[in-house]
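Student: Have a look; sequence and predicted model below, questions after that.
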Amino acid sequence: MNQNLILIADDDSDARDLLTVTLESAGYRALGAKDGNTAARILTVAKPVGMITDVRMPAMNGMELCQLARSTPATRDMAILMVSGNNHAYDVKAGLSAGADGYLSKPITPRDLVAQLQALISRRHLGA
């Protein structure tokens with residue numbers, strides 16, 4: 001796995017740009033994908049250490065993308081953080097059940113995003 005590479009899957013280009021700037025200022029490299037299918041193709045080649053995915057995207061949604069990543073040997077151990085405008089208990093539970101390690105509701109602060117992502121990557125790296 002690329003130890004500082006994060007895949008950002010979000011159909012909103014402004015959100016992808018903001019996440020990219022936030023991650024790069026924290027020392028990560030970021031790759032963006034405009035939908036779940038594009039993200040799935042990138043996962044097979046880039047093998048990032050983590051992924052941030054929106055729930056609602058065209059082609060393949062974030063839940064399906066999480067399930068795909070968890071069922072693929074090369075990406076099953078990466079940290080996955082789901083972000084969404086939906087913060088109902090059902091949505092959070094569905095995201096975590098799909099394989100996400102964490103779930104943040106939009107709007108998110110850069111500090112919270114980086115802290116959550118770093119914690120998830122550390123736990124995955126330590127095998128916890």
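Tutor: On my side now, so go ahead. Numbering: from 1, shown residues only.
Student: Could you tell me what pLDDT the model assigned to the residue positioned nearest the centre of the chain?
Tutor: The residue lying closest to the centre of the chain (Cα atoms, centre = their mean) is Ile52, at 1.7 Å. Looking at Ile52, its pLDDT reads 97.
Student: list the contacts for it?
Tutor: Residues in contact with Ile52 (Cβ atoms under 8 Å, 6 or more residues apart in numbering) are Ile6, Leu7, Ile8, Ala9, Asp10, Leu19, Ile80, Leu81, Met82, Val83, Leu113, Leu117. Heads up, the C-betas are built off the backbone N, CA and C, glycines and all.
Student: same deal with Ala79?
Tutor: Ala79 touches Val49, Gly50, Met51, Asp101, Gly102, Leu117, Leu120, Ile121, Arg123, Arg124, counting by Cβ under 8 Å, 6+ apart.
Student: Keep only those of those that are in strands.
Tutor: Val49, Gly50, Met51, Gly102 (DSSP state E).
Student: where exactly do the strands run in this protein?
Tutor: Going by DSSP E, the chain shows strands at 2-9, 29-33, 48-54, 79-84, 102-105.
Student: partners of the residue nearest to the centre of the chain in the sheet?
Tutor: Ile8, Leu81 (DSSP bridges).
Student: Next, the angle from the longest helix belonging to the chain to strand 79-84.
Tutor: Scanning the chain for the helix with the most residues, using DSSP state H, yields helix 110-126. Orientation of helix 110-126 against strand 79-84 (axes from the mean of the first three to the mean of the last three Cα atoms, to 10 degrees) gives an angle of 150 degrees.
Student: Need the contact partners of helix 110-126.
Tutor: So helix 110-126 is contacted by 6, 19, 22-23, 25-26, 49-50, 52, 77-81, 83, 101-102, 104 (Cβ under 8 Å, 6+ apart).
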